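Engineer: this is a predicted model, with the sequence first.
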Amino acid sequence: QVQLVESGGGLVQAGGSLRLSCAASGRTVSMYSMGWFRQAPGKEREFVAAISRSGASTYAADSVKGRFTISRDNAKNTVYLQMNSLKPEDTAVYYCAADPRFFTIGTIPNHWGQGTQVTVSS
C-alpha cells in the first residue's frame with residue numbers, strides 16, 4: 001500500500017505558475033506509475049498527466065500540454081507537477097494518484113491522495 005500527500009496548491013493570478021508536490025510513503029514509489037487528476041466544481045474528475053515508474057515516459061492531457069510538466073524524484077519518493085501559464089479554467093482540486101500500471105485517460109488508478117486546491121483568478 002502507498003500513501004500519497006499533495007502540497008503546493010494555492011491562489012495565483014492568471015498567467016502565473018505553481019508547483020504541486022506529491023510525497024509518497026509506505027511502499028517504494030519507483031514501483032508505481034504516478035500522475036495527477038483534477039476536479040472542478042460541478043465537473044467530473046479528469047486526467048491531467050502521468051509519468052512512468054522510471055520517469056522515462058510521460059503523458060499529458062491536451063488541455064495542459066505545453067503548460068504543465070510532470071516529473072519525479074524516486075530518491076525523494078516525490079512527484080511534481082509544474083504548472084505554468086495558468087488559466088482560470090485550471091481552477092480545481094488536484095489529486096495525486098499511483099498505480100503499478102501506467103495510466104492515462106480512461107484508466108482509474110488504485111491509490112489516491114486527498115487533494116490540494118488550486119485557484120486561478122482572472
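Structural biologist: That came through, no problem.
Engineer: just the helices in this structure please.
Structural biologist: Taking DSSP state H, the chain contains no helices at all.
Engineer: what residue is smack in the middle of it?
Structural biologist: By Cα atoms, centre = their mean, the chain has its centre lying nearest to W36, at 2.4 Å.
Engineer: mind listing what V120 touches?
Structural biologist: Contacts for V120 (Cβ atoms under 8 Å, 6 or more residues apart in numbering) come out as 11-14, 16, 86-91. All C-beta spots, glycine's among them, are computed from the backbone N, C-alpha and C.
Engineer: let me have those residues in a markdown table, extended by distance to D73, neighbour count and pLDDT.
Structural biologist: Formatted as a markdown table, the contacts of V120 follow (distance: Cβ to Cβ, whole Å; neighbours: other Cβ atoms under 10 Å; pLDDT from 0 to 100):
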| residue | distance to D73 | neighbour count | pLDDT |
| --- | --- | --- | --- |
| L11 | 26 | 12 | 98 |
| V12 | 23 | 17 | 98 |
| Q13 | 28 | 10 | 98 |
| A14 | 29 | 13 | 98 |
| G16 | 24 | 14 | 98 |
| L86 | 23 | 22 | 98 |
| K87 | 27 | 14 | 98 |
| P88 | 30 | 11 | 97 |
| E89 | 29 | 11 | 97 |
| D90 | 24 | 22 | 98 |
| T91 | 27 | 18 | 98 |
